[in-house]
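Novice: Following is a predicted model, sequence given first.
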Amino acid sequence: MDEARLRAIPLFAGLSRKQRRAVAAYAEEVEVEPGTVLCREGEVPYVFFVIEEGSARVVQGDQYLNDLGPGDFFGEIGLIEHAPRTASVIAESPLTAAVLSASAFRRIDRELPAVARRIRAAVEERRHWLEPVG
């Protein structure tokens, strides 16, 4: 994957060019058609997605939860916590995403701890948004 494309993604924008190049070496770029299930609720997670272009919807069972678009990411909680997927994500439009496999994420964790900390911090921040208020 091209380092310059990662620079446009907020999760990676604050990294140094050297760090982005290292992440780019581990990331793959995928393009999918509308209707493609990118991850399925209950399955064991093997990849982490960051949407570059396009949109997707998040559902849990039959319940709609959220829309995702460029810059949004998903699948990281399952990789970090080694837990089954809590929801399904389905492409709503043609979608391009940067994908990190579980093994690539583990390598980043070992070789680029600052990058792994940044991803974990983003996960924790997002988890805070999802907490019930009151």
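Specialist: Thanks, I have it.

Novice: where do the helices sit along the chain?
Specialist: Along the chain, the segments classed as helices by DSSP state H run 3-7, 10-13, 17-26, 76-81, 102-111, 113-130.

Novice: between the ones you listed, which gets nearest to E43?
Specialist: Evaluated with C-beta to C-beta, the helices of the chain place helix 76-81 nearest to E43, the distance being 8.6 Å. (Each C-beta comes from the backbone N, C-alpha and C, glycine too.)

Novice: how about the closest one: buried residues?
Specialist: Counting neighbours by 16 or more other C-beta atoms under 10 Å, one finds that the buried residues in helix 76-81 are E76, I77, G78, L79, I80.

Novice: Quick check: which of the helices of the chain is nearest to F48?
Specialist: Using C-beta to C-beta as the measure, helix 76-81 is the one of the helices of the chain that comes nearest F48, at 4.7 Å.

Novice: Kindly export that closest one (C-alpha atoms) in CSV.
Specialist: Extracted C-alpha coordinates of helix 76-81, given in CSV (Å, rounded to 0.1, in the frame of the first residue of the first chain):
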residue,chain,number,x,y,z
GLU,A,76,-9.8,-3.5,15.8
ILE,A,77,-11.6,-4.4,19.1
GLY,A,78,-11.7,-8.1,18.2
LEU,A,79,-8.0,-8.1,17.3
ILE,A,80,-7.0,-6.4,20.4
GLU,A,81,-9.3,-8.3,22.8
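
Novice: low-confidence ranges in the protein?
Specialist: Within the chain, the ranges that satisfy pLDDT under 70 run 126-134.

Novice: I'd like the helices of the chain laid out as CSV, including distance to G42.
Specialist: Below are these laid out as CSV (distance: least, C-beta to C-beta, whole Å):
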stretch, distance to G42
helix 3-7, 30
helix 10-13, 25
helix 17-26, 26
helix 76-81, 11
helix 102-111, 17
helix 113-130, 19
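
Novice: how long is stretch 23-32 end to end?
Specialist: End-to-end distance for stretch 23-32, by C-alpha to C-alpha, to the nearest Å: 21 Å.
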